[in-house]
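S.K.: next input, structure requested:
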Amino acid sequence: MTSGAVAARVLASTGAFALLHSMLASRTAKSMAARTFGARRRNGLYRAFFNTQASVATVALAMYLRQLPDRELYVVRGPAATLMRAGQGAGLLLLLEAARRVGVLSITGTSSFLRFTRGDDAVPAEPEAQGPAVDAYGRLKVGGPFLRSRHPLNLAPLPIFWLNPRMTRNLAMFSAIATAYLWLGSLHEERRLLAAYGDAYRGYVNGTVPFFFGARTLLKSPSAELTVSANAFRRR
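M.R.: Sure, this is the predicted structure:
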């Protein structure tokens, strides 16, 4: 198999995974599920279904990519490799802390699933996208990783991808596609959060926290800017 054919297969398979993930995470798919099965079933079961298919699809993609012809680009050894592994560990810790801040039980749909299986009449939906948690008064609880990046759950995988001491051609292509997908997905996620939380999230967007890393604000709202900072949210 030529290098071009391998690259096309990596691109096609990773792109198909990203497309399926985006379609099932969309508000359109969730609304369709609610109309088909009812709001209670949708709220209680959809996230569990989504997580299950995402796990199965991830394993299938990894197995497919591993069996494609590949070649080594570089191998880092010694202290430099240790530093790279530490960077990957930092990415994993960032991922876990950001998930904790959002609420692991809520973002995974576990709390809604448990309420559904208990027979509760009121079963809440999972949080909109992966933004900061919202308190009982509709205010954002911004803290920890969300003071450094507005999308830490999408940022955290990047050091895990790119700081592998052994880099192959297929891994590099996958990492590049996944990086672009996570960045573009964060743009879409930010629009969903603005639509869901309005001025509360708009104040966060127009504050001092970078969108991903680097540039402070990549998405501007047509509405008047608020001057509420992330630290002000945290003090509430």
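
S.K.: where does the residue positioned nearest the centre of the chain sit, in terms of helix or strand?
M.R.: For the chain, the residue sitting closest to the mean C-alpha position, by Cα atoms, centre = their mean, is Asn154 at 4.1 Å. Assigned by DSSP states H and E, Asn154 belongs to helix 152-155.

S.K.: restricting to C-alpha, output that helix in PDB.
M.R.: These are the backbone C-alpha positions of helix 152-155, laid out as PDB (Å, rounded to 0.1, in the frame of the first residue of the first chain):
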ATOM      1  CA  PRO A 152     -10.000  22.400  28.700                       C
ATOM      2  CA  LEU A 153     -11.600  19.100  28.000                       C
ATOM      3  CA  ASN A 154     -10.800  19.500  24.300                       C
ATOM      4  CA  LEU A 155      -7.400  21.000  25.000                       C
END
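
S.K.: next secondary structure element downstream of it?
M.R.: Next element after helix 152-155 (DSSP H and E): helix 157-162.

S.K.: count the neighbours of the closest residue to Ser149 other than its chain neighbours for me.
M.R.: Spatial nearest neighbour of Ser149, excluding adjacent residues (Cβ to Cβ, 6 or more residues apart in numbering): Leu155 at 5.0 Å. Yep, even glycine has a C-beta here, placed from its N, CA and C like the rest. For Leu155, the neighbour count with other Cβ atoms under 10 Å is 23.

S.K.: check the one 10 residues further on too.
M.R.: Residues lying near Pro165 (other Cβ under 10 Å) number 16.

S.K.: just the element for the residue nearest to Ala196 when sequence neighbours are not counted, please.
M.R.: Nearest residue to Ala196, sequence neighbours excluded (Cβ to Cβ, 6+ apart): Glu128, at 3.9 Å. Assignment of secondary structure by DSSP H and E places Glu128 within no helix or strand.

S.K.: cool, and the one 3 residues further on?
M.R.: Applying DSSP H and E as the criterion places Gly131 outside every helix and strand.

S.K.: before we move on, what SS does the residue nearest to it when sequence neighbours are not counted have?
M.R.: Closest residue to Gly131 apart from its sequence neighbours, by Cβ to Cβ, 6+ apart: Leu193 at 4.4 Å. Secondary structure, DSSP: H, G, I helix; E, B strand; the rest coil: Leu193 is helix.

S.K.: now do Leu193 against Leu187, distance only.
M.R.: 11 Å (Cβ to Cβ, to the nearest Å).

S.K.: who has more neighbours, those two?
M.R.: Each of Leu193 and Leu187 has its neighbours counted (other Cβ under 10 Å); Leu193 has more, 25 against 13.
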